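Peer 1: Sequence plus predicted model, see below.
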Amino acid sequence: MAGEEKEEKKEQAAQPKRKFPVMLVVIVLAVVLVLGGAAAGYFLLLAPKMKAPGSSEEGHGARQEQAVAKGSEGHGGEGAGSAGPMKMLDPFIVNLADAQGQRYLKAVIQLETDNHAVEGEITGRLPQIRDEILMILSNKTFDDIATVAGKRMLKREIVSAVNRYLTSGQVTQVYFTEFVVQ
């Protein structure tokens, strides 16, 4: 009799241990399914609005473009030692003129000038120059600046706009040291 009671207690004690892992597995599976559904919904519904075709790494393309533009200037060889004085501008963060959603552009611009006197003139006219560049950037759509050709066109526009304010020399080249679209 005592042996039978011990066996019954062992069977009863064994049953709750089985239920606990089964419940734990069911809970874990439910959580995984909910998280998987949320991730799928995000990537299928929200992410396509934020991405554009062929634009996965905006910043890296701008740096490659800068290297190509600097090397192809024709100032003697690889462009080493031939750059004029540089003037770094504070970062620009603007809303793009896209109709399909909110996109932002963050650009850090460096201006190459033909002489040192222009650097001081740029500093003195910085409010007008920054305003002009902000107007140019905020009038662009993502499609305007998504390609290398679009970025080159933007550089030419900035050079032209900045040179309208300068009298002691001119900006010869614009470099994007950061160019990120979100």
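Peer 2: In hand now; what should we look at? Numbering: from 1, shown residues only.

Peer 1: State the next helix or strand along the chain beyond the helix or strand of the chain at the bottom of the mean pLDDT ranking.
Peer 2: For the chain, using mean pLDDT, DSSP states H and E, the weakest element among its helices and strands is helix 58-71, scoring a mean of 43. Next helix or strand after helix 58-71 toward the C-terminus (DSSP states H and E): strand 86-88.

Peer 1: For that next one, give me every contacting residue.
Peer 2: Residues lying outside strand 86-88 but in contact with it, judged by Cβ atoms under 8 Å, 6 or more residues apart in numbering, are 108-113, 118-119, 122-123, 175, 177. Glycine gets a C-beta too; all of them are placed from N, C-alpha and C.

Peer 1: for these, which one is nearest V28?
Peer 2: The shortest gap between V28 and any of these belongs to V108, at 46.1 Å (Cβ to Cβ).

Peer 1: Tell me the bridge partners for that closest one.
Peer 2: When bridges are assigned using DSSP bridges, the partners listed for V108 are E178.

Peer 1: Pull the contacting residues for G84.
Peer 2: Shown here is G84, whose contacts under the criterion Cβ under 8 Å, 6+ apart are 112-115, 172.

Peer 1: most surrounded residue in the residues you listed?
Peer 2: T113 (24 neighbours; other Cβ atoms under 10 Å).

Peer 1: Go ahead and build a ChimeraX selection from the buried members of the contacts of strand 86-88.
Peer 2: Applying 16 or more other Cβ atoms under 10 Å to those leaves a buried subset, and the ChimeraX line that selects it is:
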select :108,109,111,112,113,118,119,122,175
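
Peer 1: Tabulate the contacts of strand 86-88 (TSV), appending secondary structure, pLDDT and distance to F92.
Peer 2: Written out in TSV, the entries for these read as follows (DSSP: H, G, I helix; E, B strand; the rest coil; pLDDT from 0 to 100; distance: Cβ to Cβ, whole Å):
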residue	secondary structure	pLDDT	distance to F92
V108	strand	96	8
I109	strand	96	7
Q110	strand	96	12
L111	strand	94	13
E112	strand	94	17
T113	strand	94	19
V118	helix	91	20
E119	helix	90	19
I122	helix	92	15
T123	helix	92	17
Y175	strand	96	13
T177	strand	95	12
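
Peer 1: Nice, that's everything, thank you.
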